[in-house]
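Asks: fold the following.
(2 chains)
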2 protein chains.
Amino acid sequence: ESKVPPYATTNIGVAGFVLNEKNEVLVVQERNNRRVGWKLPGGLANLGEDIPQTAAREVFEETGIRTEFESLVAFRQMHNLNFGRSDLYFICRLKPLTFEIVMGEDEISACQWMDLRTYVNSNAHPMNRLIGELCLDSAAELKEWACTSMESTVYSGRTFKLYHPKQLGPSAM
Amino acid sequence: ESKVPPYATTNIGVAGFVLNEKNEVLVVQERNNRRVGWKLPGGLANLGEDIPQTAAREVFEETGIRTEFESLVAFRQMHNLNFGRSDLYFICRLKPLTFEIVMGEDEISACQWMDLRTYVNSNAHPMNRLIGELCLDSAAELKEWACTSMESTVYSGRTFKLYHPKQLGPSAM
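Replies: This is a model prediction of the structure:
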């Protein structure tokens, strides 16, 4: 008897925490969900996407900002959402490569760079405050997680991504 | 148009890294997959399970050892597995509460406590070696992740689990 369930249990969401050199964070308002207020750009992963790919794609679609992956900040697990499925929502720290906002008007009604302290202090959601605190913290190397490609030994010729504390990666072995 | 895909993309797997006071790690051999050799006990999450729940259930089913969740060590993302779905595989550090092995013979053909250094040095799989190194490292508090329940502000009355670096949790704010 196969132990593999006949359907997958989980959708993957990814948000980008994009901080510029003025210590401003990139925030958006969703067209269809205005009561949430300012939030981080992000959305659901397409099938087969890695977390850093989803982060970069969603941030670009919503804000026009090109980014590169720096680290994973935190993630959330929640159950019994759409179609009874569960949800894992990852927050990635991203480095902006461009700075001029080109808003994706399909999904977004407002987009701006906002002072990080203002964002953290004004945000009513405890999780978003915590994420802000994590990003404000100075001991970044000690808590940030990197993403490293490794070769599978079970599935010959295939690779996977391992997420792990940045200072203790394969290169440090 | 809804942006939510009609099917979920991802299955969740969880393994337990269970270390006793003699610095021995709990390892198993799978009945149907002997070429993998010694591996950590674990398996696929049931729909609606939190990561620490899956870890405790799977470790108990395979080894008879009762455990409690300590922290998340690392996780892996891989694509195009069963039914074309993706896979997230989380490794949790668990504290053993019992020590006598009662093997789950349906799935497991061997189970033992193994010296951690022996496990790390003998293991051919780079990921498993890295996981061992992460667990051997002394700066545990700086890299281990905790799991905290928080109340949703979007879905009234609902809670979710936030995974974050242990030393920077909500209690530290």
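Asks: and the lengthiest helix in chain A, average pLDDT?
Replies: Longest helix of chain A, by residue count under DSSP state H: helix A:51-63. In this model, helix A:51-63 has a mean pLDDT of 96.
Asks: give me the buried positions along the next helix or strand after it.
Replies: Per DSSP states H and E, the first helix or strand lying C-terminal to helix A:51-63 is strand A:67-78. Buried residues in strand A:67-78, counting neighbours by 16 or more other Cβ atoms under 10 Å in any protein chain shown, are found at A:67, A:69, A:70, A:71, A:72, A:73, A:74, A:75, A:76, A:77, A:78. Backbone N, C-alpha and C define where each C-beta goes, glycine included.
Asks: between those, which sits nearest residue B:56?
Replies: If you rank the buried residues of strand A:67-78 by distance to residue B:56 using Cβ to Cβ, residue A:77 comes first, at 15.1 Å.
Asks: so who does the closest residue to the closest one other than its chain neighbours touch?
Replies: Counting by Cβ to Cβ, 6 or more residues apart in numbering or on different chains, residue A:77 lies nearest to residue B:161, which is 4.7 Å off, once chain neighbours are set aside. Taking Cβ atoms under 8 Å, 6 or more residues apart in numbering or on different chains as the definition of contact, the neighbours of residue B:161 are A:76, A:77, A:78, B:50, B:51, B:147, B:148, B:149, B:150.
Asks: can you check residue A:132 too?
Replies: When contacts are counted by Cβ under 8 Å, 6+ apart, residue A:132 is found next to A:25, A:116, A:119, A:120, A:123.
Asks: so which of those comes closest to residue B:57?
Replies: Distance to residue B:57, by Cβ to Cβ, is smallest for residue A:123 among the contacts of residue A:132, at 35.4 Å.
Asks: partners of the closest residue to residue A:38 other than its chain neighbours in the sheet?
Replies: When the adjacent residues along the chain are set aside, residue A:38 lies closest to residue A:27, with 4.2 Å between them (Cβ to Cβ, 6+ apart). For residue A:27, the beta-bridge assignment (DSSP bridges) gives partners residue A:112.
Asks: these two touch, right, residue A:27 and residue A:115?
Replies: No: with contact defined as Cβ atoms under 8 Å, residue A:27 does not reach residue A:115; the gap is 10.4 Å.
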